[in-house]
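Asker: No sequence on hand, only this structure:
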Ligand SMILES: Nc1ncnc2c1ncn2[C@@H]1O[C@H](COP(=O)(O)OP(=O)(O)O)[C@@H](O)[C@H]1O
Ligand SMILES: [Mg+2]
C-alpha cells in the first residue's frame, strides 16, 4: 500500500473542489466480472450523482462542531474522535479527527487511506465523504448518519428492540453496499472491518458502510493479497485471514456472515461468556433450527421466510473454507430471491468434516467485541 504524503495531499487540495466522478462507472456500464451471471441480474442500486468532495477550512469545521465541544462528540475509536456538526447552510456533518495523542504513524496512514478509498465510491449504502481538512491536524468530513451505528441501536437497552423489518432492511442494504465495493466501483475494495459499529444508519434506517481505515484496493488480476500485521475485529476474522493473512472478498463475506447473525439474534459477536457468536450459532444452523437464532426480545414478531433466507446466507458466509463461501452477488441472491437452489450450496462430505474440525476455539481471545485488533502489536481501536 502506498503511503500518501502530506505534501502530496496539500497539492491535491490546492484545487478548491475536485470531482472524482470520472472514476465512477455509470450504472449501465459493464461492471466487475463479466462472467459472473448472478452479478448481471442484480442491479447495483448506485446513486446517479457523482461524488464531489471539498477541502474544508479549519474555521468552518471548528464553528460547525461548536469548537469540538464534548457535547458534539458522537463516537470515539482507538485513534479518532467523531463529532457532530452543522454547517452554516444547516447541513449536518460528522467530523472525524485523528486524535492528537495518536503518535502511531501507521494509524495516521490508515486515516489517510480512508480518504483515498472512500473518496471515489458512490452508493446509497456506503457513507459519503464530503471532504477533508488538513489544517491543524487531519479531519475527514462525512454526511451525518442521524441514527448512529447498528451496534449502538441494536445493543442499547434503553431503546425498544429493533423491529424485524428494520433488521431485514439493514441486512439487505449492507449486502448491497458490500457487493458494490467488491464489484461495482472501479477499484476492487476489500473493507476488512465489517462489523455493526462500522455500519451507520441514516434517518430512514438505510445502512451505510463506513470506516475505511483498514480497507485495501486489490488489483483485479490478483487472486488475493497477503497482509501483515493481521488487523480487524475479533469474532469477525475469517480463518484463512487469521491463520495466513490472506485477504480477498471472502474475508469480508465471513465478517458479513457474523454481522448477519448479530442482526438476527441481537447478540454481540463476543459476549461476556467469551463464546463467539459464530460458535454459538453454528450448531443451531446445522440443525436447521433457525427460529432459535432470533432475538427473543422480538417475541416472535418476524417474517419466517425472510428469517430462513438470512439464516441460510449467514450459514454460507461463515463457512471455514473460503471456496465454499458465496460471493456477495450470491449472498444477495440467497437473501432476496424466491427460489433458493440449496443443492448448489451442498458441500462434499469430506469438506463437511473439515468444517466440523474448525471449532474456532483457538480464536477465543479475551477481547472487547467492539475493538479492532492488530495481532502485530496488539493495539486496539474501534
Ligand atoms: N457519519 C457519521 N455519522 C454519525 N456517527 C458517526 C459517523 N461516523 C462515525 N460515527 C460514530 O463514530 C464511531 C467511530 O467512527 P469510525 O469511523 O468507525 O472510527 P474508528 O476508525 O475510530 O473506529 C462510529 O461507530 C459511530 O458511532
Ligand atoms: Mg470503527
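Answerer: Okay, I see it. Because the structure is predicted, anything quoted here is derived from the model rather than measured. Numbers count the residues shown, from 1 in each chain. Ligands and ions are numbered 1, 2, ... in the order given.
Asker: I'd like the average pLDDT over the strand or helix carrying residue 316.
Answerer: Taking DSSP states H and E as the criterion, residue 316 maps to helix 304-317. Averaging pLDDT along helix 304-317 yields 96.
Asker: How far does it sit from its chain's centre?
Answerer: 19 Å (Cα atoms, centre = their mean, to the nearest Å).
Asker: likewise stretch 331-342?
Answerer: With Cα atoms, centre = their mean, you get 22 Å for stretch 331-342.
Asker: quick one: contacts of that stretch?
Answerer: With contact meaning Cβ atoms under 8 Å, 6 or more residues apart in numbering, stretch 331-342 is reached by 38, 42, 171-172, 175-176, 179, 253, 256, 309-310, 312-313, 316-317, 326. Glycine gets a C-beta too; all of them are placed from N, C-alpha and C.
Asker: Please report how far residue 254 lies from residue 224.
Answerer: Distance, residue 254 to residue 224, using Cβ to Cβ, to the nearest Å: 13 Å.
Asker: Could you pull out the buried residues of stretch 157-167?
Answerer: Using 16 or more other Cβ atoms under 10 Å as the test for burial, stretch 157-167 gives 161, 162, 164, 166, 167.
Asker: where's the last one, which helix or strand?
Answerer: Same thing as residue 167. In the assignment (DSSP H and E), residue 167 maps to helix 164-179.
Asker: after that helix comes which helix or strand?
Answerer: Using DSSP H and E, the helix or strand that follows helix 164-179 in sequence is strand 188-190.
Asker: which parts of this structure sit against ligand 1?
Answerer: 74-75, 77-78, 80, 82, 94, 96, 127, 142, 144-145, 148-149, 152, 197-198, 200, 210-211, 213, 381-382 (Cβ under 6 Å from any ligand atom).
Asker: Could you rerun that using 8 Å?
Answerer: 74-82, 84, 93-94, 96, 110, 114, 127, 142-146, 148-149, 151-152, 193, 197-198, 200, 208, 210-211, 213, 372, 381-382 (Cβ under 8 Å from any ligand atom).
Asker: which residues touch residue 72?
Answerer: Here residue 72 is in contact with 65, 66, 83, 84, 85 (Cβ under 8 Å, 6+ apart).
Asker: Secondary structure class of the last one, three-state.
Answerer: If I follow you right, that is residue 85. Following DSSP: H, G, I helix; E, B strand; the rest coil, residue 85 is assigned to strand.
Asker: which one is it nearest to, not counting chain neighbours?
Answerer: residue 64 (3.3 Å; Cβ to Cβ, 6 or more residues apart in numbering).
Asker: Number of residues surrounding that neighbour?
Answerer: 22 (other Cβ atoms under 10 Å).
Asker: Now it. Its backbone dihedrals?
Answerer: Dihedral pair for residue 64: phi -60, psi -30, per degrees, to the nearest 10.
Asker: Repeat that for the one 10 residues further on.
Answerer: Phi and psi for residue 74, reported as degrees, to the nearest 10, are phi -110, psi -10.
Asker: how deep is it tucked in, by neighbour count?
Answerer: Look at residue 74: counted by other Cβ under 10 Å, it has 18 neighbours.
Asker: Tell me if I'm right that it and residue 83 touch.
Answerer: Yes. Judged on Cβ atoms under 8 Å, residue 74 makes contact with residue 83 at a distance of 6.6 Å.
Asker: returning to that earlier point: so which of residue 254 and residue 224 has more stuff around it?
Answerer: Using other Cβ under 10 Å, the more surrounded residue of residue 254 and residue 224 is residue 254, with 25 against 18.
Asker: Would you mind listing where the stretch 101-250 of the chain has pLDDT under the threshold?
Answerer: The stretch 101-250 of the chain contains residues with pLDDT under 70 at 101-104.
Asker: Quick one: the strands in it, in order.
Answerer: Counting by DSSP state E, counting those that start in this stretch, one finds strands in the stretch 101-250 of the chain at the ranges 129-133, 139-143, 188-190, 199-201, 207-209, 216-218, 225-226, 231-233, 246-247.
Asker: Could you dump these into CSV and include mean neighbour count?
Answerer: Listed next are the strands of the stretch 101-250 of the chain as CSV, based on neighbours: other Cβ atoms under 10 Å:
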stretch, mean neighbour count
strand 129-133, 23
strand 139-143, 22
strand 188-190, 23
strand 199-201, 26
strand 207-209, 27
strand 216-218, 17
strand 225-226, 12
strand 231-233, 26
strand 246-247, 21
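Asker: quick one: which of the ones you listed is nearest residue 70?
Answerer: If you check each of these against residue 70 by Cβ to Cβ, strand 139-143 wins as the nearest, at 17.0 Å.
Asker: returning to what we had before: between the strands of the stretch 101-250 of the chain, which one is closest to residue 57.
Answerer: Nearest to residue 57 among the strands of the stretch 101-250 of the chain is strand 129-133 (6.9 Å), distances taken as Cβ to Cβ.
Asker: who are the neighbours of that closest one, in terms of helices and strands?
Answerer: strand 52-55, helix 58-64, helix 105-118, strand 139-143 (3 or more Cβ pairs under 8 Å, 6 or more residues apart in numbering; DSSP states H and E).
Asker: among those, which is the most enclosed?
Answerer: Scoring these by mean neighbour count under mean count of other Cβ atoms under 10 Å gives strand 139-143 as the most buried, with a mean of 22.
Asker: near ligand 2, anything from it?
Answerer: No. Using Cβ under 5 Å from the ion, strand 139-143 stays clear of ligand 2, with a minimum separation of 12.3 Å.
Asker: Parallel or antiparallel, list what pairs with that strand.
Answerer: strand 92-98 (antiparallel), strand 129-133 (antiparallel) (DSSP bridges).
Asker: Residue 220: which of these is closest?
Answerer: strand 129-133 (23.2 Å).
Asker: what's next to stretch 154-167, contact-wise?
Answerer: 153, 196, 205, 262-264, 266, 268, 295, 297-298, 301-303, 306.
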